[in-house]
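Novice: Turn this into a model:
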Amino acid sequence: MREGYGEPCSPIAGRLGSELAAQPLERRVQRVEAGRSSEEAAVAVVLGSELLDPREVEKGRRELVSFRQPAVLDRLPRVGSVRQVVAEPQAWGSHHVEHPARPLLDRSGDRHGASVVPETDCPARQRATLAPVSQVTAAKPTSPPDPGDDKPQSLGSQLAQLSRHSVIYGVGGLTSRFLAVLMLPIYTSFVSAGDYGRIELLTSAMAVAVVLIRGGANFGFIRFYYLEKDPDYHRRLIRTVFWAQMAYSTFALTLCIVFAPQLANVLGVAWHPGHHLQGSGTSLVVATGVLLWVNVNYAQMTNLFRAEQRSVAFSFATITNIAITVSLTVILVVVYKEGPLGILVGNLSGTLIVFIALLGYRREQLGLQFDRRLLHSLNRFGFPLMGAALAMWVMNFGDRFMISRLVPAADAITQVGQYSLANKVSQATVLLFTAFQMAWPAFAYSIEDEAAAKRAYSYVLTYLMFIAAWAAVGLSLFAPWIVHFLGRKPSFWPAEAAVPALAYGSVFFAGFIVVTIATGRQRRTQFNWVAATAAAVLNFTLNLWLIPAYGMLGAAYATLAAFILLMVLRTWNAQRVFPVAYQWRRVVVVLLAAGLLTVIGEVLPHSLLLAAALTAAYPLLLAAFGFYLPAERERLRRLLPAHN
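Specialist: Now for the predicted structure:
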C-alpha cells in the first residue's frame, strides 16, 4: 500500500492505534452507481464497525479510498483527515486496505494487492477488506472473526501437522527408497559385486559434487524463504538460486565430459581385466556427469515445493520420477543387459523428464533475474552448513574410497560392493525418517512462539529416536535373511555383518537432524562445520586403523562412532544457542533397550522366530524400563480391546 499524502506518524496516531488495535474492520460494498460513459463509476461502501464513518470509493484506473475522520478523533482538537490511501484495483478479487492505525505486517505488494508502505514505525493499523463487487450488491452484515483463529497451535496439533506432511512426503520419499532396495535383486542378478562397487564409487563422488555445486544456497533457501512474505522477494530468491545452480552444474558437466578418462582412473572405476567388470570407465563417468547435472537442478525445483509446504505436489513429482526411472532401468539392465551403464542412464532419464516438466510448470517464476547480494547472503548462511555437509560426505561415502585403497586390490572393489549393499539395508532405518527430514525444517521454522517450539522439539526428538531405534533392532536381527534376499549372488552375502553398526549409526543421525534445527532457527550455523569436521576426522582416523584389520566391518563401526560424536557435539552447541529441555532420560532408555535386544539376538542362534519375538518385545521392554509418561500410558490403555 502507498500513502497518497498525510502527515507522518505522530503521538495522535499512537493514541488512535491504541484505541483501534483490537477492532478489525470489515468493509462491504453497498451499491455501485454507474456513471455516464465519460465518467467513472462510484462505489459506496459501508463498514461492519461503527468506529469509522462510511467512505466512498471512486473506481477508475485505480481505487482511491478516501478516509473520513474517525469518530474517535472527534475528542482530539485540530485533527483533520487522517490519510488517503491508493490501492491497485482488481475487478473480481478481494482487496485489503490498511487503516493508518495498524502496523504493516506484510510488506508484500504486487498487482493483486496493495503497494508497499515505506514507513515501518507507525503504530498498530486496522485492516478493512473490500469484497468482490457486482453491478448491484446488497449490504451484508459482517460476522466477527473467530476468536480462535489467532490462537497458537497446541503441541498436539503441531505434531499432527508435522505428521501429516511427513506422511505425504513419505509417499514419494519412502516409495523411492523402498523401490531402490527392491531393485537390488535385479542389480545383483545382472551386475557383479565389482560393477556394483564401481557404481557406488561414482555415486559417492557425485554426492560430494552435489554439495559443492549447490553451495550455501542449498542450505539457506528454505530459511530465507520464510524471512519475508513479499511475493517479489520470493521470485527474486527462486530465480537467483535457480540460475546460480544451473551455471555451476553445467560447468561441472563440461568437466566430466572433457576429463572423463582421467576421472575414471582417479576414482578407480576404469575397466581392468580379470575383475568381471562390464563397460568402460569413461562412459560411466560421462553418464554420472549428466546424472549430476540433472539431480542438482531437479532437487532445487522440488526444494521449492518443500518451502511452500506443498507436500502433495512434491510427492507427485517424486512418484512420477520413480515410475519412469524404474521402467527405463529395468529395460536397460534386464532386456538390453547394459550393466552398470544401464543403471546410471535409467536413473538420469526419469529425473530429466520430470525436471523438464517442472520447468514448464514453474516458467513464470523462473524469469531472468539475479540478485548477487542475495546470493552472497545465502552463501554466508549456508557455507558453514556446506562445510558440515562435506564432512558428512566423509562419514557417509568416504569409507568406500578408503576400502578401495586400504583393502588388497584383488578383493577391494568386491568389498566396496558388499559394503554398499549393507548400507542399502541399513538405510531402511533412514526410510522411516526421510519423509520426516523433508517436512521437519519448514515445520520447525514455522513455529513462531519460542516456548511452543522448544516443547515440540523435545517431544519430536524422543519419538523419532524411539522409532529409529526400533527399526534398528529389526534390521540387525533380520539382517542375514534380508541380505540373502537382496544379494542374489553369494559374493554379496558377507554384507550382513556390517548391517547392525550401520543401522545404529542411522539412529544417531536421526537425533542429529532434530537437535541441529536450533542453530538454523537462530541463524547461527558457524559451529556446524566444526562439529561435522570433528566427526569426519574421527571417522577417517578410525578407518585408517580398522579397515586394514577388519575390512568393511571396521568401516561400519567407524561410521557408528562418528555419528555418535556428531550428535553429541551438535547438541552441545545447539543448547548454547537455543536451549531445549530434551527428555534425555527417555532417549537413553530407548537406546539401552534397543542395544540389549540386539546383543541377545546376536549371541543366541539365529532364527526367524527369535528375531521376530525380540523385535516385537521392544515396546514392552520400554514399558518395563519406565519409558512411557502417564498420559501416554493412558492413551495406550484406550487402544486395548479390553478397555474398549
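Novice: Return the helix or strand in the protein with minimum mean pLDDT.
Specialist: strand 95-98 (a mean of 36; mean pLDDT, DSSP states H and E).
Novice: can you map out the strands along the protein?
Specialist: 2-5, 25-33, 41-47, 55-59, 63-66, 84-87, 95-98, 127-130 (DSSP state E).
Novice: Low-confidence ranges, the stretch 451-600 of the chain, go.
Specialist: 525 (pLDDT under 70).
Novice: One more: the chain?
Specialist: 1-178, 273-276, 429-435, 438, 525, 640-644.
Novice: Outline the domain layout of it.
Specialist: 2-130, 155-582 (automatic domain parsing).
Novice: Of those domains, which is nearest residue 610?
Specialist: Among the domains of the chain, the nearest to residue 610 by Cβ to Cβ is domain 155-582 (7.7 Å). From N, CA and C alone the C-beta is placed, and that goes for glycine too.
Novice: hmm, back to that, kindly state which of the domains of the chain is positioned closest to residue 598.
Specialist: domain 155-582 (4.7 Å).
Novice: Spatially nearest residue to residue 386 (excluding sequence neighbours)?
Specialist: residue 216 (5.3 Å; Cβ to Cβ, 6 or more residues apart in numbering).
Novice: Show me what counts as buried in stretch 185-203.
Specialist: Buried residues in stretch 185-203, counting neighbours by 16 or more other Cβ atoms under 10 Å, are found at 186-188, 190-203.
Novice: likewise stretch 315-330?
Specialist: 315-322, 324-326, 328-329.
Novice: Going by distance to residue 585, which of those residues wins?
Specialist: Distances from residue 585 to these, taken by Cβ to Cβ, are shortest for residue 315, at 36.2 Å.
Novice: Which residues are in contact with the closest residue to residue 280 other than its chain neighbours?
Specialist: Nearest residue to residue 280, sequence neighbours excluded (Cβ to Cβ, 6+ apart): residue 271, at 5.4 Å. Residue 271 makes contact with 277, 279, 280, 281, according to Cβ atoms under 8 Å, 6 or more residues apart in numbering.
Novice: of those residues, closest to residue 494?
Specialist: Residue 494 lies nearest to residue 277 out of the contacts of residue 271, by Cβ to Cβ, at 19.7 Å.
Novice: what's near enough to touch the closest one?
Specialist: Residue 277 neighbours (Cβ under 8 Å, 6+ apart): 192, 194, 195, 198, 271.
Novice: I'd say the second one and residue 413 touch.
Specialist: Yes - using Cβ atoms under 8 Å as the test, residue 194 is close enough to residue 413 to be in contact (4.5 Å).
Novice: Residue 180 is in contact with residue 486, correct?
Specialist: No - between residue 486 and residue 180 there is no contact under Cβ under 8 Å: 10.8 Å.
Novice: Looking at the two, which one has more neighbours?
Specialist: Per other Cβ atoms under 10 Å, whichever of residue 486 and residue 180 has more neighbours is residue 486, with 20 against 17.
Novice: Can you tell me the closest non-neighbouring residue to the more buried one?
Specialist: Leaving aside its sequence neighbours, residue 486 sits nearest to residue 184 (Cβ to Cβ, 6+ apart; 4.2 Å).
Novice: Repeat that for residue 392.
Specialist: Per Cβ to Cβ, 6+ apart, closest to residue 392 is residue 532, 5.8 Å.
Novice: That neighbour: how many residues sit nearby?
Specialist: 28.
Novice: Begin at 75 from now on, thanks
Specialist: Sounds good: first residue 75 from here, last item residue 606.
Novice: and it, what does it touch?
Specialist: So residue 606 contacts 461, 462, 463, 464, 465, 466, 640 (Cβ under 8 Å, 6+ apart).
Novice: Can you tell me which of the residues you listed is nearest residue 589?
Specialist: residue 640 (10.1 Å).
Novice: Could you pull up the contacting residues of that closest one?
Specialist: 469, 582, 583, 586, 605, 606, 608, 609.
Novice: farthest-separated two in these?
Specialist: Farthest pair in the contacts of residue 640 (Cβ to Cβ) is 583 and 608. Separation: 15.5 Å.
Novice: Neighbour count for these two, which is higher?
Specialist: A side-by-side neighbour count of residue 583 and residue 608, using other Cβ under 10 Å, places residue 583 first with 23 against 16.
Novice: Could you check how far that one is from residue 456?
Specialist: Separation of residue 583 from residue 456 (Cβ to Cβ, to the nearest Å): 20 Å.
Novice: and if you look at residue 561?
Specialist: Residue 561 sits 38 Å away from residue 456, going by Cβ to Cβ.
Novice: again, but for residue 431
Specialist: Distance from residue 431 to residue 456, by Cβ to Cβ: 28 Å.
Novice: which of the two has more neighbours?
Specialist: Applying other Cβ under 10 Å to residue 431 and residue 456 shows that residue 456 carries more neighbours, namely 24 against 14.
Novice: Enumerate every residue touching the more buried one.
Specialist: 289, 290, 291, 292, 293, 294, 599.
Novice: just those now: which is nearest residue 412?
Specialist: Looking across those and measuring by Cβ to Cβ, the closest to residue 412 is residue 292, at 31.6 Å.
Novice: what about the closest one, how many neighbours?
Specialist: Neighbourhood size, residue 292 [other Cβ under 10 Å]: 22.
Novice: circling back: using JSON lines, please lay out the buried residues of stretch 389-404 together with distance to residue 527.
Specialist: JSON lines is the format used below for the buried residues of stretch 389-404 (distance: Cβ to Cβ, whole Å):
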{"residue": "389", "distance to residue 527": "26"}
{"residue": "390", "distance to residue 527": "30"}
{"residue": "391", "distance to residue 527": "29"}
{"residue": "392", "distance to residue 527": "28"}
{"residue": "393", "distance to residue 527": "32"}
{"residue": "394", "distance to residue 527": "34"}
{"residue": "395", "distance to residue 527": "33"}
{"residue": "396", "distance to residue 527": "34"}
{"residue": "398", "distance to residue 527": "39"}
{"residue": "399", "distance to residue 527": "37"}
{"residue": "400", "distance to residue 527": "39"}
{"residue": "402", "distance to residue 527": "44"}
{"residue": "403", "distance to residue 527": "42"}
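Novice: nearest to residue 335, of those residues?
Specialist: residue 403 (25.7 Å).
Novice: Spatially, and excluding backbone neighbours, which residue is closest to that closest one.
Specialist: residue 420 (2.9 Å).
Novice: Tell me the spacing between that neighbour and residue 261.
Specialist: For residue 420, the distance to residue 261 equals 11 Å [Cβ to Cβ].
Novice: overlap in contacts of these two?
Specialist: residue 407.
Novice: Next, count neighbours for residue 674.
Specialist: Residue 674 has 13 nearby residues by other Cβ under 10 Å.
Novice: list the contacts for the closest residue to it other than its chain neighbours?
Specialist: Nearest-residue entry for residue 674: residue 688, 6.2 Å, with adjacent residues in sequence omitted and distances by Cβ to Cβ, 6+ apart. Residue 688 makes contact with 547, 551, 671, 674, 675 under the criterion Cβ under 8 Å, 6+ apart.
Novice: count of residues packed around the second one?
Specialist: Okay, so that is residue 551. 26.
Novice: cool, and the last one?
Specialist: Neighbours of residue 675 under the rule other Cβ under 10 Å: 23.
Novice: Next: the third one.
Specialist: Around residue 671 sit 24 other residues, with neighbours defined as other Cβ under 10 Å.
Novice: Touching, it and residue 691? I think so.
Specialist: Yes - with contact defined as Cβ under 8 Å, residue 671 and residue 691 form a contacting pair (6.7 Å).
Novice: what's the residue nearest to residue 460 in contact with, if anything?
Specialist: Here residue 290 is in contact with 452, 453, 454, 455, 456, 457, 459, 460 (Cβ under 8 Å, 6+ apart).
Novice: how close does it sit to residue 463?
Specialist: Taking Cβ to Cβ, one finds residue 290 at 10 Å from residue 463.
Novice: With residue 530 instead?
Specialist: 25 Å.
Novice: residue contacts, the closest residue to residue 383 other than its chain neighbours?
Specialist: What sits nearest to residue 383 in space, not counting adjacent residues and going by Cβ to Cβ, 6+ apart, is residue 516, at 5.2 Å. By Cβ under 8 Å, 6+ apart, residue 516 lies in contact with 239, 296, 300, 380, 381, 383.
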